[in-house]
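Undergrad: give me the fold of what follows.
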Amino acid sequence: DFDLTARKQERKKIPENEWKSLKSHRFLFTRKDKVVRMATSTNGLGNGAAPKRVAIVGGGLVGAMDAMFMAKRGFDVDLYEMRSDIRQEESVEGRSINLALSMRGQQALQAIGLEDEVVESGLPMHGRRIHSATGQQSFIPYGKGGQCIYSVDRRKLNETLLSAAERLPNLNLHFEHKLSHCNPKSGEMAFVSGTDRHETTADLIVGCDGAFSAVRRSAMRSTRLNYQQEYIPHGYKELSMPAKADGTHAMANDCLHIWPRNEFMMIALPNADGSFTCTLFSAFADFDDIKTEEQLMEMFERYYADSIPLFGRENLVQMYFANPIGSLVSIKCKPHTIDGRCVLLGDAAHAMVPFYGQGMNCGFEDCLILDELLVEHLCDFDTTLRAYNERRQPDAEAICDLAMYNYIEMRSLVNSRRFLLRKKLDGLLHTLFPNTFVPLYSMVTFSRIPYKTVVERRRQQDKFVHGGVLVLSGGVAMAALYALYRQSDRISSVCSAPVELVARLGRQAFGLVSR
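TA: Down below sits the predicted model:
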C-alpha cells in the first residue's frame with residue numbers, strides 16, 4: 001500500500017482538507033507532478049528498501065525539530081546530544097534569553113504539528129514599548145491588524161520538541177554523547193559517552209550543534225569550507241523582573257519593552273508566570289567599570305530609573321553581581337553542505353546576534369526548507385543538499401547582516417524623529433500599496449520572503465522613498481517660487497500707481513516752469 005504512486009489527475013479526487021493533511025504528513029511532491037506516499041516503515045522512496053539513516057548532532061531547538069522532520073519522512077534517525085536530558089534537570093546552564101517566535105518558526109512548527117501547543121504557551125507581543133530616560137513611554141506597533149510575535153520560554157520549547165520527537169518510533173535519542181570524530185565525506189562518526197566510545201555511520205550527517213559546532217570544525221579540516229566569525233564589542237547580562245504580589249506582570253505584558261540609550265540598552269520580554277526576562281546590553285568596558293553597589297545604582301538611576309522599583313533594589317544588586325556577562329558572536333560559513341552527505345543547520349551554519357529575533361526562526365526555517373527540498377528531489381540527498389546550499393546560504397548571510405543593523409535600530413534609532421517618521425511613512429505606503437510595499441520588519445517577521453530578497457526589496461524601497469522625498473521637496477520648492485512670483489506681480493501692481501502719480505506731478509511742474 002505504501003508504494004502507491006498517484007498521478008496529478010488523481011489529485012482532484014481528494015477533498016481539499018484531506019489533501020492539506022496528506023501534504024503535511026504523508027505525501028511527497030515533485031516537479032514531475034507525482035505524489036509518492038510515505039510511511040515510517042519506508043525509506044521515503046516508497047520502494048520497500050531499507051530506510052536511509054540520518055544522524056543529527058545536537059539536541060537543541062533546531063536539532064530536535066529536524067529530527068522530527070526526518071523521522072516523518074521515513075528515515076531512521078539518531079539524535080546525539082552532548083548534554084544530559086534537559087527534561088530531567090532542575091536547572092540548565094547556558095543561554096536563557098527568551099525567544100521571539102514569528103511566522104517562519106510558526107510555519108515550521110505547524111509542519112510537525114506543534115504550532116498550537118507552542119503558541120498557546122507563549123505571550124503575544126504586538127510591538128515595542130519605548131522607555132525614555134525620564135520615564136515616559138511610547139508604543140511602536142510591529143505590524144498591522146493585530147500582527148504579533150510570541151515570547152516563548154527556550155527550555156520549555158526544547159522540552160516540547162524532545163518529547164514529541166521521542167514519541168516517533170523511528171527516532172532514537174542519545175544524551176551525554178559527545179562527538180569525538182566526524183568524517184563528513186564518508187559519514188563515519190564516533191561519540192564518547194562516559195568511558196565508552198560509540199562508532200557509527202550515517203547516510204546523512206546533520207550538524208545542529210551550535211555556534212561552535214564540532215561537525216563544522218571537522219568539515220573545515222577536510223574540505224574547503226570558508227568560515228567567518230565576529231564578536232561584537234557589546235556583551236549582555238540577564239536580569240529577572242519578578243511578578244507583583246498578586247502574580248500579575250509589573251508592566252504591560254503585550255509588548256517588548258526597550259530602554260534605548262544610544263550606545264547601550266535594556267530589553268524585557270514577558271513570561272507566563274508574571275515575571276519579565278530582562279537583558280542589559282552594553283560595552284564590556286562599561287560592565288567592567290561597575291564594581292560597587294553605589295556605581296550600579298547610580299547607573300540605573302540615571303538611565304533606567306523607572307525599572308528600579310519593579311526589580312527591587314536588593315534583588316537588582318544581587319542579580320547583577322551574581323549573573324555572568326555573556327558574549328555575542330556572528331558566524332557565517334560557506335558552503336552549508338559537504339559532498340551530499342553533510343549539512344549544517346541553525347547556529348552551526350549562521351550564528352547571529354539576537355537583535356532581530358530571528359536566530360531560532362531562521363534555524364526552524366532551515367529545517368522546513370530542507371524538508372521541502374527533500375520532497376522536491378524525492379529524498380535524494382545529493383541533489384537536495386546542492387539545492388539547499390544554493391538557496392539558503394545567501395539568505396543566511398543576509399539575516400546575519402540584518403541582525404547587526406537592528407541592534408543599532410533598537411538601541412539608538414528608535415529615539416530618532418526621522419526614524420519614527422520613516423516608520424509612519426512605511427506604514428502609510430503599505431496601506432496604500434499592500435502587495436507591493438511591505439515594511440522591512442514585516443517582510444522579515446511576518447512573511448517567508450527569502451532574507452536576501454528582503455534586503456533587495458528594502459534597497460528598492462529606499463530608492464523609491466528617497467526619490468519621492470526629492471520630488472516632493474522639488475514640488476514644494478517650485479510651488480514656493482511660483483507663489484513668490486505671483487506675490488511680486490501684486491507688489492509691482494500696487495507700487496505702480498504711486499510711481500505714475502509722482503511722474504505725472506513731475507511733468508506738470510516742469511510744464512509750469514517752462515511757461
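
Undergrad: how far does stretch 359-371 sit from the chain's center?
TA: Stretch 359-371 has its C-alpha centroid displaced from the chain centroid by 11 Å (CA atoms, centre = their mean, to the nearest Å).

Undergrad: let's see that stretch as CSV, backbone CA atoms only.
TA: Included here for stretch 359-371 are C-alpha records, laid out as CSV according to Å, rounded to 0.1, in the frame of the first residue of the first chain:
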residue,chain,number,x,y,z
GLY,A,359,18.0,33.1,15.3
MET,A,360,15.5,30.4,16.2
ASN,A,361,13.1,31.3,13.5
CYS,A,362,15.8,31.1,10.8
GLY,A,363,17.0,27.8,12.2
PHE,A,364,13.5,26.4,12.2
GLU,A,365,13.0,27.6,8.6
ASP,A,366,16.3,25.8,7.7
CYS,A,367,14.6,22.6,8.7
LEU,A,368,11.4,23.4,6.8
ILE,A,369,13.3,24.4,3.6
LEU,A,370,15.4,21.2,3.8
ASP,A,371,12.3,19.2,4.1
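
Undergrad: so in terms of bridging, what pairs with the closest residue to His198 other than its chain neighbours?
TA: Of all residues beyond its chain neighbours, the one nearest His198 is Phe191 (4.7 Å), with distances taken as CB to CB, 6 or more residues apart in numbering. In short, each C-beta sits where N, CA and C put it, glycine included. Counting by DSSP bridges, Phe191 is bridged to Leu179, His198.

Undergrad: now for Arg221: which residues touch it?
TA: Taking CB atoms under 8 Å, 6 or more residues apart in numbering, we find Arg221 in contact with no residue.

Undergrad: list the buried residues in the strand or helix carrying it.
TA: When elements are assigned from DSSP states H and E, Arg221 belongs to helix 214-222. Of the residues in helix 214-222, those scored as buried under the neighbour-count criterion (16 or more other CB atoms under 10 Å) are 214-220.

Undergrad: so which elements touch the strand or helix carrying Ser151?
TA: Element membership of Ser151, judged by DSSP H and E, is strand 149-152. For strand 149-152, the packing partners by 3 or more CB pairs under 8 Å, 6 or more residues apart in numbering; DSSP states H and E come out as strand 99-101, helix 115-121, strand 123-125.

Undergrad: where does the chain dip in pLDDT?
TA: Per-residue confidence for the chain (pLDDT under 70) gives these ranges: 1-49, 92-97, 409-416, 419-420, 466-477, 482, 485-486, 488-515.

Undergrad: before we move on, the earlier item: relative to the strand holding Ser151, what are the paired strands and their orientations?
TA: Here the strand partners of strand 149-152, with direction, are listed using DSSP bridges: strand 99-101 (antiparallel), strand 123-125 (antiparallel).

Undergrad: got a list of contacts for the first one?
TA: Going back to what we said before, that points to strand 99-101. When contacts are taken as CB under 8 Å, 6+ apart, the neighbours of strand 99-101 outside the stretch itself are 109, 118-119, 122, 125, 149-154, 157, 256, 269, 357, 360-361.

Undergrad: what of stretch 167-175?
TA: Identification of contacts with stretch 167-175 by CB under 8 Å, 6+ apart yields 40, 51, 59, 67-68, 70-72, 74-81, 83-85, 162, 165-166, 191, 193.

Undergrad: Tyr356 is in contact with Leu402, isn't it?
TA: Yes: proximity of Tyr356 to Leu402 meets the contact threshold set by CB atoms under 8 Å, at 5.6 Å.

Undergrad: Val375 - how many residues pack around it?
TA: The local packing of Val375 (other CB atoms under 10 Å) involves 19 other residues.

Undergrad: so it versus Glu301, what's the distance?
TA: Taken as CB to CB, to the nearest Å, the spacing of Val375 relative to Glu301 amounts to 57 Å.

Undergrad: in a helix, that's where Ser84 is, yeah?
TA: No: under DSSP: H, G, I helix; E, B strand; the rest coil, Ser84 falls outside any helix and is assigned coil.

Undergrad: for Ser282, helix, strand, or coil?
TA: Note that with three-state DSSP, the state of Ser282 is strand.

Undergrad: ok, it - contacts?
TA: Residues touching Ser282, when contacts are defined by CB under 8 Å, 6+ apart, comprise 234-237, 263-265.

Undergrad: do His177 as well
TA: Residues in contact with His177 (CB under 8 Å, 6+ apart) are 80-82, 191-193, 198.

Undergrad: just the buried residues from those, in PyMOL please.
TA: This is how PyMOL selects the buried members of the contacts of His177, with burial counted by 16+ other CB under 10 Å:
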select buried, resi 80+81+82+191
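
Undergrad: including distance to Phe433, could the contacts of His177 go into a markdown table?
TA: Formatted as a markdown table, the contacts of His177 follow (distance: CB to CB, whole Å):
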| residue | distance to Phe433 |
| --- | --- |
| Tyr80 | 49 |
| Glu81 | 47 |
| Met82 | 50 |
| Phe191 | 54 |
| Val192 | 58 |
| Ser193 | 58 |
| His198 | 58 |
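
Undergrad: out of the contacts of His177, who's nearest Ala243?
TA: Each of the contacts of His177 was checked against Ala243 using CB to CB; the closest is Glu81, at 32.3 Å.

Undergrad: what's the local residue count around the closest residue to Ala64 other than its chain neighbours?
TA: Using CB to CB, 6+ apart and skipping residues adjacent in sequence, the residue nearest Ala64 is Leu161, 3.7 Å away. Neighbour count of Leu161, defined by other CB under 10 Å: 25.

Undergrad: thanks a lot, see you next time.
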